[in-house]
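Enquirer: Fold the following and give me the result.
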Amino acid sequence: MLKSTLIRAAEAGAAVMREYFQGEFYISNKEGINNLVTEADHASEKAIFSVIREDFPDHFLLSEEAGAITMDSNYKWIIDPIDGTVNFAHGLPLCCVSIGVEQAGEMILGAVYNPFINEFFFAQRGYGASLNDRKINVSSETSVAKSCLVTGFPYTYLDQPNGPLEVFARLIRGGVPVRRLGSAAMDLCWVASGRFDGFYEHKLNAWDSAAGFLIVEEAGGRVSDFTGGKYSPYQPHIIASNGNIHDELVDVVNGRHSTF
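Expert: Predicted coordinates for the structure are as follows:
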């Protein structure tokens, strides 16, 4: 039942996205001048909550707009009602619903749905990952220099050693193609499906990566923090890859790579 509820919840959020897309809706700002939230985000969140609450009224909910709705449950739903809100607000179809389900601290289910390009990514721990019900796998690239990578940038710049611009410059000066989609959930799914070989970002929240990181792992990839250690969506740093380039990409992000 968890799986069917997850799928229906993602579809409910996506239906709201379709309804509002390229229409007129209210937009406001959170922290950072372009960190947007729209009435579509809130409406999508409401639709998702309604589906989950109908089946599991006692489950913990953690969502980007509502925050934590704490319940005494081993199950937690981690929800981004629209990942890529800036894209959505500007009529760019690179945005999605992202929902992860955690049981006793372990992510067990993940769904990411972009209704505008009709791509529904799904993973269940131990059962692999799929795109529109077809099994997906990460790429086989073995070198960062030959990889196509993707990243994102925080709304408030992190002034730190090996910060977002420094790592980006290091890669592009070395001739490595690095893209920016504006949706971390899609970035992760596109690593999982082999379109990108790796992804890194300096500042994410749990709802940005909860579903996507499981999808990468179940597609045969590897996800870690910036040290290469075990990944938790409750800390900000992420490196996801096909596994083959992972250690090298960790070195690049930390400024230890000297072959470019």
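
Enquirer: Tell me how the chain divides into domains.
Expert: In terms of domains, the chain is parsed into 2-135, 144-253 (source: automatic domain parsing).

Enquirer: most tightly surrounded among those?
Expert: domain 144-253 (a mean of 21; mean count of other Cβ atoms under 10 Å). C-beta here means a position set from N, CA and C on the backbone, and glycine is covered the same way.

Enquirer: measure that domain end to end?
Expert: 11 Å (Cα to Cα, to the nearest Å).

Enquirer: got JSON lines for the domains of the chain, with mean pLDDT too?
Expert: Formatted as JSON lines, those follow (pLDDT from 0 to 100):
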{"stretch": "domain 2-135", "mean pLDDT": "92"}
{"stretch": "domain 144-253", "mean pLDDT": "96"}
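
Enquirer: Show me where the stretch 1-150 of the chain has its helices.
Expert: In the stretch 1-150 of the chain, the helices defined using DSSP state H, counting those that start in this stretch lie at 2-20, 39-55, 85-89.

Enquirer: is it possible to export these to JSON lines including distance to residue 173?
Expert: JSON lines is the format used below for those (distance: least, Cβ to Cβ, whole Å):
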{"stretch": "helix 2-20", "distance to residue 173": "37"}
{"stretch": "helix 39-55", "distance to residue 173": "37"}
{"stretch": "helix 85-89", "distance to residue 173": "27"}
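
Enquirer: of all these, which lies closest to residue 212?
Expert: Nearest to residue 212 among the helices of the stretch 1-150 of the chain is helix 2-20 (12.9 Å), distances taken as Cβ to Cβ.

Enquirer: by contact count, what packs against the closest one?
Expert: helix 39-55, strand 75-83, strand 96-103, strand 106-114, strand 119-124 (3 or more Cβ pairs under 8 Å, 6 or more residues apart in numbering; DSSP states H and E).

Enquirer: what's the closest of these to residue 152?
Expert: Comparing those by Cβ to Cβ, strand 75-83 comes nearest, at 10.6 Å.

Enquirer: just how off-centre is that closest one within its chain?
Expert: Averaged C-alpha coordinates place strand 75-83 at 10 Å from its chain's average position (Cα atoms, centre = their mean, to the nearest Å).

Enquirer: Please export the alpha-carbon coordinates of that strand; CSV is fine.
Expert: The C-alpha trace of strand 75-83 is given here as CSV (Å, rounded to 0.1, in the frame of the first residue of the first chain):
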residue,chain,number,x,y,z
TYR,A,75,7.4,6.3,8.8
LYS,A,76,8.4,9.7,7.5
TRP,A,77,7.4,11.2,4.1
ILE,A,78,9.9,13.7,2.8
ILE,A,79,8.2,15.9,0.2
ASP,A,80,9.2,18.6,-2.2
PRO,A,81,5.9,19.6,-3.8
ILE,A,82,7.7,21.4,-6.7
ASP,A,83,11.5,20.9,-7.0
